[in-house]
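Chemist: 3D, please:
(2 chains)
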2 protein chains.
Amino acid sequence: MDPELAGAYTVRPIGTVHSPISDPAQAPRQGDEGAPDAWISFAPGLATAVRDLRPGDDVLVLTWLHLADRDVLAVHPRDDASRPLTGVFSTRSSHRPNPIGLHRVRILTTEDQRIGVGDLEAVDGTPVVDIKPVLEIRDER
Amino acid sequence: MDPELAGAYTVRPIGTVHSPISDPAQAPRQGDEGAPDAWISFAPGLATAVRDLRPGDDVLVLTWLHLADRDVLAVHPRDDASRPLTGVFSTRSSHRPNPIGLHRVRILTTEDQRIGVGDLEAVDGTPVVDIKPVLEIRDER
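Modeler: The predicted structure follows:
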């Protein structure tokens, strides 16, 4: 076993999702499948980190899917029992060892301590752990 | 302050990067800027989660950039002092409150406990925390 694997790291939320979606069963599976607009409120002390976010920016929001089951290693994709059990690293299931969600959204509005974003498929109260700009050259990253 | 912000979560590495890049100063900033091929070795107990990864798959590798400075809130993009200090959430700097790296790579080979991938811009020993398939519809996520 690699020595690094023994380690663990602490994720501290930088913000929180405020969304009309309160029930995970209602959440669309991906943001382009009917997700609503939402707010992301930021933790105090991060004004410098967020100050260059602008309306119109396309960003990747990384969340911590706090309702996920971290012990699940295989799932039926999209909860479709007719599809074979698939290792979670080949799926976008929220259930996985480190339940980090990755959401591409557009910033709609910016305020002092929060931003409004479009099409965010995360339930109300989901912790946000990072925001990254979409890259122009290979914008999948 | 949102109650959720007081929380913290533990990331447990699922694997480790094995790369010829040992010095962060040598690492290209993005994978399409001359990054080498690399191996990702998996922690024991994850065979089920990785079993459906296949050569040719394009995946997003999420890493924990363990050498980053988590207290940095603004940087000169690409370490270019002529560019203005920019809030880290508008940059891809590794220095940020939760230093999660996002790397799009292609799987080249798969073995029992490791996979070979192309163009991974991470230093040897970097912890891997998640692997996700690239989505077909909106493959930026």
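Chemist: for the closest residue to A:Pro84 other than its chain neighbours, report the pLDDT, please.
Modeler: Distance criterion Cβ to Cβ, 6 or more residues apart in numbering or on different chains; nearest residue to A:Pro84, sequence neighbours excluded, is A:His76 at 7.3 Å. Just so you know, the C-beta spots here come from the backbone N, C-alpha and C atoms, and that holds for glycine as well. A:His76 is assigned a predicted lDDT (pLDDT) of 96.
Chemist: in this structure A:His76 contacts A:Thr91, no?
Modeler: No. Counting by Cβ atoms under 8 Å, A:His76 stays clear of A:Thr91, with 9.0 Å between them.
Chemist: comparing these two, which residue is more hemmed in?
Modeler: A:Thr91 (21 against 14; other Cβ atoms under 10 Å in any protein chain shown).
Chemist: surely the more buried one touches B:Ile131?
Modeler: No. In this structure, A:Thr91 is not within contact of B:Ile131 by Cβ under 8 Å, at 10.2 Å.
Chemist: sorry, back to before: tell me who's in contact with the residue nearest to A:Pro84.
Modeler: With contacts defined as Cβ atoms under 8 Å, 6 or more residues apart in numbering or on different chains, A:His76 is in contact with A:82-86.
Chemist: quick one: the strands in chain A?
Modeler: In chain A, the strands defined using DSSP state E lie at A:9-11, A:15-18, A:38-42, A:58-64, A:74-75, A:86-87, A:100-110, A:114-117, A:127-133.
Chemist: show me what counts as buried in the third one.
Modeler: Which is strand A:38-42. Within strand A:38-42, the residues scored as buried using 16 or more other Cβ atoms under 10 Å in any protein chain shown are A:38-42.
Chemist: need the contact partners of that strand.
Modeler: Here strand A:38-42 makes contact (Cβ under 8 Å, 6+ apart) with A:14-21, A:50, A:61, A:113-117, A:120, A:122, A:128, A:131, B:2.
Chemist: let me know the average pLDDT across that strand.
Modeler: Averaged over strand A:38-42, pLDDT sits at 97.
Chemist: try the last one
Modeler: The average pLDDT within strand A:127-133 is 98.
Chemist: let me see the contact set for the residue lying closest to A:Arg51 once chain neighbours are set aside.
Modeler: Leaving out its chain neighbours, the residue that sits closest to A:Arg51 by Cβ to Cβ, 6+ apart is B:Gly87, at 4.7 Å. Residues in contact with B:Gly87 (Cβ under 8 Å, 6+ apart) are A:48-53, B:73-74.
Chemist: equivalent analysis for A:Arg70, please.
Modeler: Applying Cβ under 8 Å, 6+ apart, the residues near A:Arg70 are A:95-99.
Chemist: go through stretch A:83-91 and flag the buried ones.
Modeler: A:86-91.
Chemist: do you know how far A:Ser41 is from A:Pro13?
Modeler: Separation of A:Ser41 from A:Pro13 (Cβ to Cβ, to the nearest Å): 10 Å.
Chemist: circling back: quick check, nearest of the buried residues of stretch A:83-91 to B:Leu65?
Modeler: A:Phe89 (19.6 Å; Cβ to Cβ).
Chemist: okay but that closest one is in contact with B:Leu53, surely?
Modeler: Yes. Between A:Phe89 and B:Leu53 there is a contact at 6.0 Å, judged by Cβ under 8 Å.
Chemist: what's the overlap in contacts for these two?
Modeler: Counting by Cβ under 8 Å, 6+ apart, the residues touching both A:Phe89 and B:Leu53 are B:59, B:131.
Chemist: and A:Ala74, what are its bridge partners?
Modeler: A:Gly87 (DSSP bridges).
Chemist: how many neighbours does it have?
Modeler: A:Ala74 has 18 nearby residues by other Cβ under 10 Å.
Chemist: likewise the one 5 residues further on?
Modeler: A count of nearby residues for A:Asp79, using other Cβ under 10 Å, gives 10.
Chemist: what number of residues lie near the closest residue to A:Val17 other than its chain neighbours?
Modeler: In space, and not counting its chain neighbours, A:Val17 is closest to A:Thr126: 4.2 Å by Cβ to Cβ, 6+ apart. If you count neighbours by other Cβ under 10 Å, A:Thr126 ends up with 29.
Chemist: likewise A:Val72?
Modeler: 16.
Chemist: and what of A:Val134?
Modeler: With other Cβ under 10 Å as criterion, A:Val134 counts 18.
Chemist: report the beta-bridge partner residues of the residue lying closest to it once chain neighbours are set aside.
Modeler: Leaving aside its sequence neighbours, A:Val134 sits nearest to A:Asp58 (Cβ to Cβ, 6+ apart; 4.4 Å). Legend: beta-bridge partners of A:Asp58 under DSSP bridges are A:Arg106.
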